[in-house]
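> Below is the sequence, then the predicted model.
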Amino acid sequence: MTTKPASGADLLDLAPVMPVVVVDDPATAVPLARALVAGGLPGVEITLRTPGALEAIERVAGEVPEAVVGAGTVTTPEQASAAARAGASFLVSPGCTPRLSAAVAETGLPFLPGVSTVSEALELLERGVHEMKFFPAEASGGAAFLKSLASPLPQARFCPTGGITVDSAPSYLALPNVGCVGGSWLTPSSLIEVGDWDRVTELAREAAQL
Ligand SMILES: O=C(O)C(=O)C[C@H](O)[C@H](O)COP(=O)(O)O
């Protein structure tokens, strides 16, 4: 059983990569999570973009205690509470609004709110939130943007996500203000559809060593 993250800082320190997954068939979520854990990546962010996502979270939470399963693409207060009820251990959003923050606070779960500008990061820092997702990372300036924030906002730490690959991940991970990167490259739908869990484990192993 993996220790559950208690804070955003714990999430950033879990592993170098947070796999971001789109699950169409909830039955695939359990072998998928096991494959990621076998490769050395305990975290799995299941995006709330498909009808089966909440069931997938529920199954992983119940059947894969070694995994740390969370919900991604949390964009409404209702999704935040539904994900918590399904057993999510953390929540991730591509952005952040006051309503969403309030709903997430009620769940008591660690949360990575998304930002893509300096002012958004400053606003979170003002509220005492130091760990954030940087989304969409590549489209918003990539590693160069985050590098520029390290001096003026040294208290902010990021999980950049969006367009990152195994090749571009090291340039982010080398920065002092990056804890981990998020990405979907470990779990392409082509592998999920055919159930090639060994390949997912290989990709996870490669990512865990970044
Ligand atoms: O769903 C969310 O909460 C998001 O913010 C978007 C995801 O993090 C990205 O879609 C993952 O990025 P890719 O690795 O480019 O696929």
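Cool, the structure landed.
> for the ligand, what are the nearby residues on this structure?
The chain comes close to the ligand at residues 20, 47, 72-73, 92, 94, 114, 135, 161-164, 182-184, as judged by Cβ under 6 Å from any ligand atom. Where you see a C-beta, it was placed from the backbone N, CA and C, and this is true even at glycine.
> buried ones in the helix or strand of the chain with the lowest mean pLDDT?
Within the chain, judged by mean pLDDT, DSSP states H and E, the helix or strand with the poorest mean is helix 8-13; its value is a mean of 94. Using 16 or more other Cβ atoms under 10 Å as the test for burial, helix 8-13 gives 8, 10, 11, 12.
> give me the number of residues near the nearest residue to the second one once chain neighbours are set aside?
Read that as residue 10. The spatially closest residue to residue 10, leaving aside those adjacent along the chain, is residue 110, at 6.4 Å (Cβ to Cβ, 6 or more residues apart in numbering). By other Cβ atoms under 10 Å, 23 other residues sit near residue 110.
> what ranges do the helices span in this protein?
Assignment of helices within the chain using DSSP state H yields the ranges 8-13, 29-38, 53-63, 77-86, 98-107, 118-126, 142-149, 169-173, 189-194, 197-208.
> I'd like these as TSV, with distance to residue 156 appended.
Output for the helices of the chain, formatted as TSV (distance: least, Cβ to Cβ, whole Å):
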stretch	distance to residue 156
helix 8-13	11
helix 29-38	27
helix 53-63	28
helix 77-86	22
helix 98-107	16
helix 118-126	5
helix 142-149	6
helix 169-173	14
helix 189-194	33
helix 197-208	24
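> and residue 155, which of those is closest to it?
Minimum separation from residue 155 across those (Cβ to Cβ) falls at helix 118-126, 6.0 Å.
> quick one: low-confidence parts of the protein?
Across the chain, the ranges flagged by pLDDT under 70 are 1.
> one more time with 90, if that's ok
1-4 (pLDDT under 90).
> Could you find the closest non-adjacent residue to residue 161?
residue 182 is the one closest to residue 161 (Cβ to Cβ, 6+ apart), at 3.2 Å.
> Looks like that neighbour contacts residue 15 (just checking).
No: with contact defined as Cβ atoms under 8 Å, residue 182 does not count as touching residue 15 (10.8 Å).
> For stretch 130-147, which outside residues touch it?
By Cβ atoms under 8 Å, 6 or more residues apart in numbering, the residues outside stretch 130-147 that reach it are 7-9, 11-12, 92-95, 112-116, 121, 124, 148, 155-164, 168, 171-172, 174-175, 177-179, 181-182.
> Mark which of those residues are part of strands, please.
Counting by DSSP state E, the contacts of stretch 130-147 place 92, 112, 114, 115, 157, 158, 159, 160, 181, 182 in strands.
> Just give me the neighbour total for the fifth one.
Number of residues near residue 157 (other Cβ under 10 Å) recorded here: 23.
> what sits against it?
9, 12, 130, 131, 132, 177, 178, 179.
> Go through the residues you listed and say which is closest to the ligand.
Set against the ligand, the nearest of those by Cβ to the nearest ligand atom is residue 132 (11.8 Å).
> How about that closest one: what's its closest non-neighbour residue?
That would be residue 115: by Cβ to Cβ, 6+ apart, it lies 5.0 Å from residue 132.
> returning to that earlier point: buried ones only from the contacts of stretch 130-147, please, as a PyMOL command.
Per 16+ other Cβ under 10 Å, the buried members of the contacts of stretch 130-147 correspond to this PyMOL selection:
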select buried, resi 8+11+12+92+93+94+112+113+114+115+116+121+124+156+157+158+159+160+161+162+163+164+168+171+172+175+177+178+179+181+182
